[in-house]
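Q: Here's a sequence, model it:
(one chain, ligands or ions: 1)
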Amino acid sequence: MASRVIPVDPFDLVIFGGTGDLARRKILPGLYRRFCAGQMPEEARIIGAARSDYDAAGYRAFVAEAIEEFGGRDCEQIDAFLARLDYVAVDAKGTGGWSELAQRLRDDVVRAFYFSVGPGLFGDLAERLHKNGMATPECRVVVEKPFGHDLESARALNATLAAHFDEGQIYRIDHYLGKETVQNLMAVRFGNMLFEPLWNSQYVDHIQITVAETVGVGGRGGYYDKSGAMRDMVQNHLMQLLCLIAMEPPAKFDPDAVRDEKLKVIRALDPVDHHHLVRGQYEADAQNPGYREETGDLRSKTESFIALRASVSNWRWAGTPFYLRTGKRLRARSSEIAVVFKDAPHSIFGPEAGRHRNILAIRLQPNEGITLKVTIKEPGPGGMRLVDVPLDMSFAEALGPEGEEIPDAYERLIMDVIRGNQTLFMRGDEVEAAWAWTDPIIRGWEERGEVPKPYDQGSSGPEDALMLLHRDGRRWREIRE
Ligand code: NAP
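A: Sure thing, here's the model as predicted:
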């Protein structure tokens, strides 16, 4: 099955923060891979912009090194790619370099500005782009998470951007939405007759969304400790996944139609009772420091793990819980959504056949793919014994050699920016609604002075997280790669 690569229109992409970690690890190698795939037209140009004092040649050497380290694929066209790169030294808070940057931009191509800098600089960048005549009505700005720390700061950020750009120009990245499987989730739901009639509380017992990491906070401890798993993962990535599972079919696959439906889901979320919430913090073990040692705050109350039960109060989902779980230093690096269907209403095979349930598992990482667990007869003689077998669709395998070419989330999303397609980006009101749901949960545990439960590194999180489901007569799926 060959995937088609359609080149995007010629563009100027300015990467503010073009010398930073995200640019090195994701944005620039991602652009190189799209270049290798033939998606970047001849006239495409990428301009790094930051305070560091590079000339174009120096920046190209810097980017070549980043691609060497993080590129992932070498199409032996690195020189041709580097020839499209340029660099202008600017200070988001100063005046130098801005007119030079303006002169480098062309009027007849797509113009995009990637704000790969801390959110504290968004306002300064937006203002200077305007002052220097670069912010044309058609230009696009890309902003990264974290989009605010709470509802108030998210509103302030939205207002800062809205002072200079229309909503249709703002691309808020949640890279989970750029994953192949996440989009496939929509294809599976809305492209097949098979699932949609069953996609409701009458047939779905519950849904589990797990994003498990094996890494700890490492060098990001200082930043992470001010945020925690709820702000860092749930408010954005896990809620976005929940929305895609729970939303009504949009009338068409267009940015506002999809985002309207996602927004309705967030607004239908009930407040979370603290009995349905478990926070954890990983402890030190013989080999590794614990969360508190890594962050340097031995009394930190920030969670590196969270599990909660969410309820979507609408006709489709009333009575079907959504269990969300994410954490660091867990057993395996594994992200998946599992739609667990109800038991068949009556077993004609008798109680000895055991309990069998269909589960649609959507794996986000590693090995993106979808598995449907179905029940069949155990082969061989000796009566009617039932077993569960997976119908497995790994995208990389299904697509053959082409599967290896599946663009990663950043590649896809940057190309969507150039194409002007906002479907996979968060709208301002979505982000605010997500914070409006998250804020009271966080306030609740702060007011109660709650301390996260300790958990062992390499485990599935604190014991209480297991109990969260046990109490409901359910259990988590195993975390494994
Ligand atoms: P970083 O490594 O600290 O890089 C920051 C960049 O901003 C550097 O290129 C820096 O370059 C530039 N910069 C700082 N102050 C500036 C100023 N006054 N004027 C112009 N440029 C300035 O940060 P990062 O990890 O790349 O993160 C960038 C953004 O992406 C942040 O909002 C972060 O939260 C978000 N993000 C990052 C990741 C990740 O994996 N790294 C993941 C998700 C989201 P100079 O020092 O040369 O000016």
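
Q: How much space separates whichever residue of the stretch 201-350 of the chain sits closest to the ligand from residue 240?
A: Of the stretch 201-350 of the chain, the residue with the smallest distance to the ligand, taken as Cβ to the nearest ligand atom, is residue 223 at 7.7 Å. Every C-beta, even on glycine, is put in place using the N, C-alpha and C of the backbone. The gap separating residue 223 from residue 240 is 21 Å, by Cβ to Cβ, to the nearest Å.

Q: Those two - which one has more neighbours?
A: Higher neighbour count among residue 223 and residue 240: residue 240, with 20 against 13, using other Cβ atoms under 10 Å.

Q: quick one, strands of the stretch 351-481 of the chain?
A: Remark: strands of the stretch 351-481 of the chain, listed N- to C-terminal, are 359-365, 369-377, 386-394, 453-455; assignment by DSSP state E, counting those that start in this stretch.

Q: Tell me which residue of the stretch 351-481 of the chain lies closest to the ligand.
A: Using Cβ to the nearest ligand atom, the point where the stretch 351-481 of the chain gets nearest to the ligand is residue 410, with a distance of 9.6 Å.

Q: Next one, pLDDT for that residue please.
A: With respect to pLDDT, residue 410 scores 94.

Q: tell me the contacts of it?
A: Shown here is residue 410, whose contacts under the criterion Cβ atoms under 8 Å, 6 or more residues apart in numbering are 26, 27, 30, 175, 178.

Q: try residue 137
A: Applying Cβ under 8 Å, 6+ apart to residue 137 gives the contacts 166, 169.

Q: coming back round to it: pick out the most distant pair among the contacts of residue 410.
A: In the contacts of residue 410, two members sit farther apart than any others by Cβ to Cβ. They are 27 and 178, at 12.4 Å.

Q: The two: which is more packed in?
A: Comparing residue 27 with residue 178 by neighbour count (other Cβ under 10 Å), the higher total belongs to residue 27, at 26 against 22.

Q: The more buried one and the ligand, how far apart?
A: When Cβ to the nearest ligand atom, to the nearest Å is the yardstick, residue 27 and the ligand sit 9 Å from each other.

Q: per-residue pLDDT, residue 456?
A: The score at residue 456 is 98. That number is its pLDDT.

Q: ok so, going back, can you tell me the helix or strand for the residue of the stretch 201-350 of the chain closest to the ligand?
A: Assigned by DSSP states H and E, residue 223 belongs to helix 221-225.

Q: Now the longest helix along the chain: average pLDDT?
A: Determined from DSSP state H, the single longest helix within the chain is helix 428-447. If you average the pLDDT over helix 428-447, you get 98.

Q: Buried ones in that helix, by neighbour count?
A: Taking 16 or more other Cβ atoms under 10 Å as the neighbour-count basis, helix 428-447 is seen to contain the buried residues 428, 430-439, 441-442, 445.

Q: Please name every helix or strand in contact with that helix.
A: When contacts are defined as 3 or more Cβ pairs under 8 Å, 6 or more residues apart in numbering; DSSP states H and E, helix 428-447 sits against helix 151-162, strand 170-172, helix 239-246, helix 255-267, strand 277-282.

Q: near the ligand, anything from stretch 9-25?
A: Yes - with Cβ under 6 Å from any ligand atom as the measure, stretch 9-25 is seen reaching the ligand through 16, 17, 18, 19, 20, 21, 22, 23, 25.

Q: Mind checking which of those residues are buried?
A: In terms of neighbour count (16+ other Cβ under 10 Å), the buried residues within these are 16, 17, 18, 19, 20, 22, 23.

Q: quick check, nearest of the residues you listed to the ligand?
A: Scanning these for proximity to the ligand, where the rule is Cβ to the nearest ligand atom, the winner is residue 20, at 2.3 Å.

Q: so who does the closest residue to that closest one other than its chain neighbours touch?
A: Counting by Cβ to Cβ, 6 or more residues apart in numbering, the nearest residue to residue 20 once its immediate chain neighbours are dropped is residue 116, at 5.8 Å. Counting by Cβ under 8 Å, 6+ apart, residue 116 touches 15, 16, 17, 18, 20, 22, 23, 27, 142, 144.

Q: again, only this time at 7 Å
A: Listed by Cβ atoms under 7 Å, 6 or more residues apart in numbering, the contact partners of residue 116 are 15, 16, 17, 20, 22, 23, 27, 144.

Q: Test for you: state the pLDDT assigned to the fourth one.
A: pLDDT, the model's per-residue confidence, is 97 for residue 20.

Q: Check the gap between it and residue 121 for me.
A: 11 Å.

Q: And the fifth one, by the same measure?
A: Shown here: residue 22 relative to residue 121, a distance of 14 Å by Cβ to Cβ.

Q: Then the last one?
A: Note on residue 144: its distance to residue 121, by Cβ to Cβ, is 11 Å.

Q: more neighbours, the two?
A: In this view residue 144 and residue 121 are compared by other Cβ under 10 Å, and residue 144 has more residues nearby, 20 against 16.

Q: so that one makes contact with residue 173?
A: Yes - when contacts are counted by Cβ atoms under 7 Å, residue 144 is listed as touching residue 173 (5.5 Å).

Q: Could you check the helix holding residue 223 and say which residues are buried?
A: Using 16+ other Cβ under 10 Å as the test for burial, helix 221-225 gives 221, 224, 225.

Q: pLDDT for those - can I get that in a markdown table?
A: As requested, the buried residues of helix 221-225 are arranged in a markdown table below (pLDDT from 0 to 100):
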| residue | pLDDT |
| --- | --- |
| 221 | 89 |
| 224 | 94 |
| 225 | 96 |
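
Q: and which of those is nearest residue 262?
A: Within these, proximity to residue 262 (Cβ to Cβ) peaks at residue 224, which comes in at 26.5 Å.

Q: so that closest one makes contact with residue 218?
A: No - the pair formed by residue 224 and residue 218 falls short of the contact definition of Cβ under 7 Å, at 8.9 Å.

Q: Can you tell me which residues in the stretch 201-350 of the chain are near the ligand?
A: Taking Cβ under 6 Å from any ligand atom as the test, the list of the stretch 201-350 of the chain residues beside the ligand is empty.

Q: lowest-pLDDT helix or strand in this protein?
A: The weakest-scoring helix or strand in the chain, judged by mean pLDDT, DSSP states H and E, is helix 395-398 (a mean of 66).

Q: Just to check, residue 238 is in contact with residue 209?
A: Yes - using Cβ under 7 Å, residue 238 is in contact with residue 209, at 5.5 Å.
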